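A.B. asks: here is the input, now give the coordinates:
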Amino acid sequence: MRYLFFCIFLTLSIPLQGQNNDCQQAEVVCSSESFDFNPSGSGTNDLNNITQGCLQEGEHSSAWYYFQINEFAPNNTSIAFLIIPENGINQDYDFALYGPDVTCDDLGAPIRCSFAATSPSTGLDIMALDFSEGSNGDGYVAPIIVNPGQGYFLLIDNYGDDGVGFQMEWAGNGADYLDCNATPPCSIDIELSNQDICTGSDFVDYEIELSVPDTEYTVTWTSSTGHESWISDPNILDPMIQVPTDFTGDATFSVEISFIEINCIQSESFTTTVFPYPVIEGMEDETIYCSNDNITIGPSNLFDPDADFSWIIDGQSGPNTVLIETNSAGEYILEVVENNCPSYDTLQVEKIGEPISALSLYDSTDICLGIDQGEIFVEDVSGGTAPFNFELNTGQISNDFFFDNLPGGNYTVTVTDKDGCSNEASIEIADFLDTQIDLGNDTLILLGGFVDIENNLNLEDTQVLQSEWIYLNEFYSNNTRGVNIQPTEDGLLKYILVDNNGCSYEDSIKIRILVQEQIYIANSFTPNNDNQNDWFYIQGGPSVSHVNYLAIYSRWGEKVFESENTDINVPELGWNGTHHDKTLNPASFQYITEVELINGETFLLSGSIALIR
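C.D. replies: Residues are numbered from 1 along each chain as shown. You can find the predicted model right below:
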């Protein structure tokens, strides 16, 4: 089994002097007594700018003492003391009092202090009012008010360093409650801190700092979480702490250090939390096929809300999110950090094929040709990599850019390039109208007759956009079903139709004209006003258009009547047997006339007419 190793270091400062001339070696005092022990020197200087108070020159030959009020004392009671040198008037003792409830490493400013040089005795006097005095003071400052359990440090300094001892006397109500079993508080600081590590780390370095004299001590290591077996030696200051590599969770260890000579025991605990490395799942390689769209990559599992994420993309720093969007090929490395434990995973993004962004189609179909004549052309393919393959939704496949022989309908063309990239577009070929026109057979009619042609059309009128009948280049009608015309000459009758698709269709027949004169001229008339044959006029059939000229002559050649451009079959436009409004006697007369047919032909006719009364 592998282990994690924890190295722990102990630093001891301040050399031991073997006397109570240092705060850490303060002796407990609890009654009036004579102190024969006279310290030599100041030991380690315990004073600074704050703690020296009125002792302007610091320590000379100093001794430290500690007193504490027991639990039975009344609240807010006073206490005083008197320091009396053994040799009287020529001695110079100074003092500083600290408290309540302070430690040697945090004494603070003295609450009472005397640096007087004028009086051999010094101390707290119930008659004094000042709290601190300099070298010109009288040696006495005010007593203090104490409460149960409070403790105080007292520094007594022999300014002259003459080796003469002193007596100490207590006064005030509080003097009866001094605790002879008191223990000065330890001011040893063991500085340890919790530390988080990751599973499989090589070691964690803990450092213990102790601000105590270099004196004899004992060490005991324990574990409140049951991990004593991980401690290589529980009785040395810096044992190896071996944590199995498969362990995760909290392990709490305590160290107790007992300093024998100064009767001080101090302990401290720390907890090491071993976190697992985060597990990254679902980092699968991705392939972007034929697309410029982004894909989302990243792990599939959830992480601690406080986890940190960072991506390295082809060696460059990327986003700081768990999931990212990309459309670029490359190597993607994800770092996930939970509780300062990092894990890494890598995926590759491959990009295959250039996407086909658009497919343009057009319909080149002549929908007027008939069924299954549709054509679709691929005008342009944007993107992709040739060669291309085209497929209709009907299953028809082409390597060219067109499809033909298609009936009307909706079509979808799918293009696929050599990498398998595809796109599609739709187009509609209009449905064809199966238009049929039948005007029948050619026909023969008499000049002046009418011909009635019926159109056998298979469309509804709503399917016809335009229609017209034309004979000899002359428009006759737009009726879709038939026409009635009176042709005057041979020709071709056409019917032209445009349906709703814009397709044009036509049919035609030939019409032949049989020309007959159909001119009728009487050989006698009886102008006697009986409304019976009173007029001589030109008569004709449907083929006759009009009379261009009519002249009548007597037997002696005199012109008795003349008319031009008159209609046929109208008696009143003829001759009534008069001349210059005079009735002529019965006789035989000659006529000359020019008659024009409806086809423009003219006939010059002459003959005799008998006027009968």
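
A.B. asks: how near is residue 595 to residue 374?
C.D. replies: Distance of residue 595 to residue 374, given as CB to CB, to the nearest Å: 61 Å. The way it works is simple: take the backbone N, C-alpha and C, and place the C-beta from them, glycine included.

A.B. asks: and residue 488, what is it in contact with?
C.D. replies: 447-448, 513, 598-600 (CB atoms under 8 Å, 6 or more residues apart in numbering).

A.B. asks: looking at these, which is nearest residue 288?
C.D. replies: Here the nearest of the contacts of residue 488 to residue 288, counting by CB to CB, is residue 513; it sits at 81.5 Å.

A.B. asks: quick check, that closest one in a strand?
C.D. replies: Yes - using DSSP: H, G, I helix; E, B strand; the rest coil, the assignment for residue 513 is a strand.

A.B. asks: ranges for the strands of the stretch 51-200 of the chain?
C.D. replies: 61-68, 77-85, 93-98, 112-114, 122-124, 132-133, 140-141, 144-146, 151-158, 166-171, 195-198 (DSSP state E, counting those that start in this stretch).

A.B. asks: include mean pLDDT and distance to residue 507 when you put these into TSV, please.
C.D. replies: Rendered in TSV, the data for the strands of the stretch 51-200 of the chain read as follows (pLDDT from 0 to 100; distance: least, CB to CB, whole Å):
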stretch	mean pLDDT	distance to residue 507
strand 61-68	90	136
strand 77-85	92	141
strand 93-98	94	133
strand 112-114	96	138
strand 122-124	94	144
strand 132-133	94	138
strand 140-141	96	142
strand 144-146	97	137
strand 151-158	92	133
strand 166-171	89	148
strand 195-198	85	96
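
A.B. asks: any chance of the ones you listed in CSV, plus distance to residue 533 and mean neighbour count?
C.D. replies: As requested, the strands of the stretch 51-200 of the chain are exported to CSV (distance: least, CB to CB, whole Å; neighbours: other CB atoms under 10 Å):
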stretch, distance to residue 533, mean neighbour count
strand 61-68, 177, 25
strand 77-85, 179, 20
strand 93-98, 173, 26
strand 112-114, 178, 27
strand 122-124, 183, 25
strand 132-133, 176, 20
strand 140-141, 181, 25
strand 144-146, 175, 21
strand 151-158, 174, 23
strand 166-171, 188, 18
strand 195-198, 142, 17
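
A.B. asks: tabulate the ones you listed in JSON lines, adding columns for distance to residue 399.
C.D. replies: Below are the strands of the stretch 51-200 of the chain laid out as JSON lines (distance: least, CB to CB, whole Å):
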{"stretch": "strand 61-68", "distance to residue 399": "106"}
{"stretch": "strand 77-85", "distance to residue 399": "114"}
{"stretch": "strand 93-98", "distance to residue 399": "103"}
{"stretch": "strand 112-114", "distance to residue 399": "109"}
{"stretch": "strand 122-124", "distance to residue 399": "116"}
{"stretch": "strand 132-133", "distance to residue 399": "110"}
{"stretch": "strand 140-141", "distance to residue 399": "115"}
{"stretch": "strand 144-146", "distance to residue 399": "110"}
{"stretch": "strand 151-158", "distance to residue 399": "104"}
{"stretch": "strand 166-171", "distance to residue 399": "119"}
{"stretch": "strand 195-198", "distance to residue 399": "61"}
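
A.B. asks: flag the shaky bits of the chain, pLDDT-wise.
C.D. replies: 1-21, 32-44, 88, 187, 189, 201-215, 261-263, 366-372, 433 (pLDDT under 70).

A.B. asks: tell me the centre residue of it?
C.D. replies: The centroid of the chain falls nearest to residue 325 when counting by CA atoms, centre = their mean (9.2 Å).

A.B. asks: so that one belongs to a helix, correct?
C.D. replies: No - counting by three-state DSSP, residue 325 falls outside a helix, being strand.

A.B. asks: who are the contact partners of it?
C.D. replies: By CB under 8 Å, 6+ apart, the neighbours of residue 325 are 294-297.

A.B. asks: let's see it at 7 Å
C.D. replies: Neighbouring residues of residue 325 by CB atoms under 7 Å, 6 or more residues apart in numbering: 294-296.

A.B. asks: show residues contacting stretch 66-80.
C.D. replies: With CB under 7 Å, 6+ apart as the criterion, stretch 66-80 contacts 26-30, 123-126, 143-154, 170-175, 177-179, 182, 184.

A.B. asks: that stretch: end-to-end distance?
C.D. replies: Taking CA to CA, to the nearest Å, stretch 66-80 runs 14 Å from one end to the other.

A.B. asks: who does the closest residue to residue 123 other than its chain neighbours bridge with?
C.D. replies: Using CB to CB, 6 or more residues apart in numbering and skipping the chain neighbours, the partner closest in space to residue 123 is residue 82 (4.1 Å). Counting by DSSP bridges, residue 82 forms beta bridges with residue 123, residue 169.
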